[in-house]
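> got a predicted model here, sequence first, then my questions.
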Amino acid sequence: MTEAILLVGGKGTRLRPLTVNTPKPMVPAAGVPFLTHQLARARAAGVEHVVLATSYLAEVFEPYFGDGSALGLQLEYVTEREPLGTGGALRNVASRLHSAPGDPVLVFNGDILTGLDIAALVGTHRTSGADVSLHLTRVPDPRAFGLVPTDGSGRVTAFLEKPQTPEEIVTDQINAGAYVFTRSVIDAIPGGRPVSVERETFPGLLAEGAHLQGMVDSTYWLDLGTPHAFVRGSADLVLGRAPSPAVPGRHGEHLVVAGADVAPDAKLTGGTVVGAGARIGPGAEVEGSTVLEGAVVEPGAVVRESLVGAGARIGERTVLDRAVIGDGADVGADNELRDGIRIWCDARIPAASVRFSADCT
Ligand code: GTP
């Protein structure tokens, strides 16, 4: 049986302020910590033993997932004293693996939502005899990513930095953040210091002549590293566009978690999620958004493609469009917050009427 390592120790800086109090894999997507979807998908693919490589806010994982038996898994937790990077984290958990040196070990980044056929990736690894097999995905605009070209047999030929000129865009294939390592390759990563698997381990293996195999597909794939992507991914889970056995209830336009209070005439659309204890007031419209637990959206407010943090309050008639509101923040009535604006945890924004009268005096 294949076992897996999940890399969940990153600081999630691009997702701030959501990751100020909560590590990225524990931010709820479709009503449950995002990591639940990955664990459930791994279990569905036959994985039984998972090691979580933790660092940032490490203490919150075990109290929630325990020994993993609720998900049918055997979970172990390893915490780094100092962040070791993606490769260092793998080496640091190697002693917990049960696999023999030649066995395949699955590795997942903790922030990828994907329909990857996990068994197919393991199959590719076995049949190609690779040292490492990488899931690759195609993106319409590869300029923001390191590129991973392959030859006619799918063997990786290079790891290229983000392209700076059109001539440097030699492929639209990028590293999708899911791998199969032959166990002995993990054991050979240097111990006790930070190592980046993307920048050091993979290019180093290629230079030594190791066999790195790519598996390209066109399945659902989203890196939930930014607030907008996170909200999109959560909505796609609710709408059924992204596959996960862990979405509570049936797919539909919205997901209201037990204990939330939604006014009968409030409109929830586009995969919106309302967390436990949250309240949506009369006449409010919430579209393609995530409202975390205990947050309040007051009457007549409009929330589009936005994320409202735990315990935050959105005032009457306020409009949010692609905004992120940190935990406990308070946005007064009649404000308009748009275009990727981020409001820090516990910040206070007065009602627009108060701000305008202050500006005029
Ligand atoms: P940003 O700071 O926003 O880039 O996010 P991040 O910290 O999650 O970094 P990145 O997206 O590059 O990380 C890819 C995966 O590796 C994520 O699942 C991280 O949790 C994980 N990761 C990154 N650095 C470390 C580390 O030092 N230790 C461990 N255990 N995991 C890490």
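Okay, I see it.
> just give the closest residue to the residue nearest the centre of the chain, not the sequence neighbours.
Most central in the chain under C-alpha atoms, centre = their mean is Asp111, positioned 2.5 Å from the mean C-alpha point. Leaving aside its sequence neighbours, Asp111 sits nearest to Leu224 (C-beta to C-beta, 6 or more residues apart in numbering; 4.8 Å). Just so you know, the C-beta spots here come from the backbone N, C-alpha and C atoms, and that holds for glycine as well.
> which secondary structure element contains Ala120?
In this structure, Ala120 is located in helix 118-128 according to DSSP states H and E.
> mind checking what helix or strand follows that helix in sequence?
Scanning forward in sequence from helix 118-128 by DSSP H and E, the next helix or strand is strand 132-138.
> next, the angle helix 118-128 makes with that next one.
With axes from the mean of the first three to the mean of the last three C-alpha atoms, to 10 degrees applied, the angle from strand 132-138 to helix 118-128 works out at 130 degrees.
> list the contacts for Leu6?
The contact partners of Leu6, taken as C-beta atoms under 8 Å, 6 or more residues apart in numbering, are 25, 35, 38-39, 42, 50-53, 107-108, 110.
> nope, Phe230 is what I meant
15, 18, 27, 29, 34, 224, 290, 307.
> now the third one. Nearest residue, chain neighbours left out?
Think Val27. Ranked by C-beta to C-beta, 6+ apart and with sequence neighbours excluded, the top spatial neighbour of Val27 is Leu18, at 5.4 Å.
> then the one you found would be within a helix, right?
No - when the secondary structure is assigned by DSSP: H, G, I helix; E, B strand; the rest coil, Leu18 falls in coil instead of a helix.
> that one: neighbouring residues, count only.
27 (other C-beta atoms under 10 Å).
> then Ala258?
9.
> what does His228 give?
16.
> give me the pLDDT value at the nearest residue to it once chain neighbours are set aside.
Leaving aside its chain neighbours, His228 sits nearest to Arg322 (6.1 Å; criterion: C-beta to C-beta, 6+ apart). Model confidence at Arg322, given as pLDDT, is 96.
> my read: Arg322 touches Ser306, true?
Yes - Arg322 is in contact with Ser306 according to C-beta atoms under 8 Å; the separation is 6.2 Å.
> got the residues of the stretch 201-350 of the chain near the ligand?
Gly225 (C-beta under 6 Å from any ligand atom).
> what are the ranges of the helices in the stretch 201-350 of the chain?
Under the criterion DSSP state H, counting those that start in this stretch, the stretch 201-350 of the chain contains helices at 202-207, 227-239.
> tell me which of these sits most buried.
helix 227-239 (a mean of 24; mean count of other C-beta atoms under 10 Å).
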